[in-house]
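In: could you look at this predicted model? Sequence included:
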Amino acid sequence: MKFRRVSLAIIAWLLLATHSWGAGLTLSDCLQKARDNNPGLRAAAWDSRMAEQNIRQASSAWYPRLDAQAGYTLQQAPQAVDIQGRTVEMQDADFAYGGVAASYTIYDFGRREARIRQARAQANATFNTFEAQRTDVSLQVIEAYFGILETGKLVIAAQEEIAQVEQHRRVAQALFEEGVVTRNDILQADVRLAAARQNLLATNNRLDNIWLQLNYLTGSDPSFRSGLIDETSLSDTARTPVDENSAITRRPEILALRQGVEASQAGLQESKTAFFPELFTRLALDYVENSKYREQTIMSATIGLKINLFDGFATSAARDKALHNRSRSQDLLREAESQVRLEIATAGNDLRVAGERINVAETAILQSQENLRINRERYQERVGTATEVLDAQTLLTQTRTDYYRALFDRQVAAARLKRARGEL
């Protein structure tokens, strides 16, 4: 019975551990979780929904406007007139009234069309802005994903350095007990061991912080941890030739800015129509309770023309503002296109250099391992110093660190290049 309780406890602990740490995650899993659960993207998604309602609101101008009103008026005295010395009341002192009116704009020199085009362009710009934000989040997820993999390798390198320094200290201790070296060799090993342990603590802390960042980006619990499956290579798909013009047309930021230019052009056209008249019609049914009149319900039909003659230069200011807004949108578009070309060039350079760094680091690791082996043998044969051994161990750790950083810098550079080309 006791064995069964222990077994059940172990099974429960394993279930909790599995729930806490989760199964292995691929890069695709992390990206999908970010698309579904990222708090910034979930908030930004509402902008597109609101932009769609702006289109509906602008399109409502194509329909007639129907208004109704009703009320009851209490007066101190009824309205009256004097006719040949006699006072004649024209209405009741208290009366009810009501009415229904339908009005419709027949022609407004393209004002409605401009508003609708502006709303649609702004909606498309909002959608593309959301897509641009999504690609930014995806790039951050990729950086965090490979940052975790890189830092995990650095943790292993730091642990190996600690093991090497501890081994060297044991050798130094044995030689000191034999009386062939001084205590200074042991003290040097202790100091270097303390530095290696501090490096391991800092690396583990950096790893935990990157996990917190990834959990935030993917909408996961801060305590969530999982094994990451290192099977994705972005550098292979990023080596195809780059067509800058097609890359620019695929970037959602560029598409959003182009839609912004179109919206500003429509806004400028709308502001110009304010200088022209508006042709409208109106159908009305009005009722006023009045026992003094035979007709209390009046039906009417109106066709009219209205134009603003003076509004304190508000119309002119609106036109100039729309003109400046269009110029600003065009300048922002040109700046963004130049920035995309810069991103493509820098990401391509970083990808190429990272590949060269990997080749150099691979050779350097082999050389550092041989250098450490030689200095260990020299020290054990008492023809070398402890400082040379410790320096060789530090050099090996540094070359391994350089290799891992170059390895994952290449993945991040490939992701940046894919983003710059509008393929992320």
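Out: Perfect, I can see it now. Numbers count the residues shown, from 1 in each chain.
In: residue ranges with poor pLDDT in the stretch 201-350 of the chain?
Out: 232, 235-242 (pLDDT under 70).
In: so Gln221, which of the three states?
Out: Just so we're on the same page, residue 221 is Asp rather than Gln. Applying DSSP: H, G, I helix; E, B strand; the rest coil to Asp221 yields a three-state assignment of coil.
In: tell me the contacts of it?
Out: With contacts defined as Cβ atoms under 8 Å, 6 or more residues apart in numbering, Asp221 is in contact with Asn215. C-beta here means a position set from N, CA and C on the backbone, and glycine is covered the same way.
In: what about it, distance to Gln140?
Out: Taking Cβ to Cβ, to the nearest Å as the measure, Asp221 falls 18 Å from Gln140.
In: count of neighbours near the closest residue to Pro277 other than its chain neighbours?
Out: By the measure of Cβ to Cβ, 6 or more residues apart in numbering, the closest residue to Pro277 outside its immediate chain neighbours is Ile307, 3.8 Å from it. The burial metric for Ile307, expressed as a neighbour count using other Cβ atoms under 10 Å, is 9.
In: ramachandran angles for Ile307?
Out: Ile307 has phi and psi values of phi -150, psi 140 when expressed as degrees, to the nearest 10.
In: quick one: Thr315 is in a helix?
Out: Yes: when classified by three-state DSSP, Thr315 is found to be part of a helix.
In: I figured it hits Ala274, correct?
Out: Yes: counting by Cβ atoms under 8 Å, Thr315 does reach Ala274; the two are 4.5 Å apart.
In: need the residues touching each of the two.
Out: Between them, Thr315 and Ala274 have Asn308 as joint contacts when contacts are counted by Cβ under 8 Å, 6+ apart.
In: where do the helices sit along the stretch 1-150 of the chain?
Out: When assigned using DSSP state H, counting those that start in this stretch, the helices of the stretch 1-150 of the chain occupy the ranges 2-21, 27-37, 39-59, 111-178.
In: for Ser28, see how far away the spatially most central residue of the chain is.
Out: With distances taken as Cα atoms, centre = their mean, the chain has Gln133 as the residue nearest its mean C-alpha position (3.2 Å). When distances are taken as Cβ to Cβ, Gln133 and Ser28 turn out to be 20 Å apart.
In: just Ala413 next, same as before
Out: 19 Å.
In: and the lengthiest strand in the chain, C-alpha only, in CSV?
Out: As assigned by DSSP state E, the longest strand anywhere in the chain is strand 94-107. C-alpha atoms of strand 94-107 as CSV (Å, rounded to 0.1, in the frame of the first residue of the first chain):
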residue,chain,number,x,y,z
ASP,A,94,-51.0,74.1,-24.8
PHE,A,95,-50.6,71.9,-27.7
ALA,A,96,-48.9,68.7,-28.9
TYR,A,97,-46.8,68.5,-32.1
GLY,A,98,-45.0,65.9,-34.1
GLY,A,99,-43.5,65.3,-37.5
VAL,A,100,-41.7,62.9,-39.8
ALA,A,101,-39.2,64.1,-42.5
ALA,A,102,-37.1,62.3,-45.1
SER,A,103,-34.2,64.2,-46.7
TYR,A,104,-31.8,63.0,-49.4
THR,A,105,-28.8,64.6,-51.1
ILE,A,106,-29.2,64.4,-54.8
TYR,A,107,-25.8,65.8,-55.8
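In: helices or strands up against that strand?
Out: When contacts are defined as 3 or more Cβ pairs under 8 Å, 6 or more residues apart in numbering; DSSP states H and E, strand 94-107 packs onto strand 65-74, strand 278-288.
In: could you say what helices and strands the longest one packs with?
Out: What it means is strand 278-288. Taking 3+ Cβ pairs under 8 Å, 6+ apart as the contact definition, the neighbouring helices and strands of strand 278-288 are strand 94-107, strand 297-306.
In: give me the contacts around the first one.
Out: To tie it back to what came earlier, the one meant is strand 94-107. Residues external to strand 94-107 that are found in contact with it (Cβ under 8 Å, 6+ apart): 61, 63-75, 112, 278-290, 303.
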